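Chemist: no sequence for this one, just the structure:
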C-alpha cells in the first residue's frame, strides 16, 4: 500500500472512521472517474477490512464477522453498500447490540450505506433457502474476524447445495433477472 494511503494511527471508533474516509477519499482522488479498476476495488475492501477488524476488537466466543457480496469478493466499488454479517451461536441481545453499535453506527453516522445482518448459522441457511439474494450473498462470504468454523456452518451447506444442483441456481438467477427486468 502506498504510504499516503496507509491507515493512520488514531483512537476511538469515530477517529477510525475519519481515517477510513481519508483513505477512501485518497483512493478516489488517485484516479479519474471511470478508472476505478479491480486494484482500487480491492484497496477499498482492504480499508474496510482494517476498519471492521479494529472496530470489532476482541470478539466474544461464538461470533464470526463476515463480508458479503461485492465486499466479500473484495470488489468494493465507489458508492456501493457494504454488506456485513455477524454469525453467532446464540449470543444474548445485549452483547449483539453492543457489537452492532461498534460496527454499524460509526459508519452510518459518516454517511456509509451499510447493510448489517445478524444471524445464527441455522438462520443463514433458512434465509438462503427462502431468498436468492441471501443464497448468493453467502456464496461470496469472506471471514473478517472470529470463528471460521461458525462461518463454515453457515456457508458450507449452501455451497454444497449449489454444487449438487448448479442448474437450479442458474434457473433461479434467470427467473430473478426476468422479474427485475419487468
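Modeler: Yep, it's here. What you are looking at is a predicted structure, and each value in this text was computed from that prediction instead of being measured.

Chemist: when you work out contacts or count neighbours from here on, use the C-alpha atoms and nothing else.
Modeler: OK.

Chemist: so what's the residue nearest to the spatial centre of the chain bridging to?
Modeler: The centroid of the chain falls nearest to residue 67 when counting by C-alpha atoms, centre = their mean (2.5 Å). Bridge pairing for residue 67 (DSSP bridges) gives the partners residue 84, residue 142.

Chemist: other SSEs contacting the one helix or strand residue 24 maps to?
Modeler: Using DSSP states H and E, the element containing residue 24 is helix 12-30. When contacts are defined as 3 or more C-alpha pairs under 8 Å, 6 or more residues apart in numbering; DSSP states H and E, helix 12-30 sits against helix 38-56, helix 105-109.

Chemist: deepest-packed of these, please.
Modeler: For those, the largest average neighbour count (mean count of other C-alpha atoms under 10 Å) is found in helix 38-56, namely a mean of 19.

Chemist: related to what we said a few turns ago, out of the helices and strands packed on helix 12-30, flag the one nearest residue 169.
Modeler: Counting by C-alpha to C-alpha, residue 169 lies closest to helix 38-56 out of those; the figure is 26.1 Å.

Chemist: where does the residue of the chain positioned farthest from its centre land on pLDDT?
Modeler: Within the chain, residue 182 marks the point farthest from the mean C-alpha position, 28.9 Å out by C-alpha atoms, centre = their mean. What the model reports as pLDDT for residue 182 is 89.
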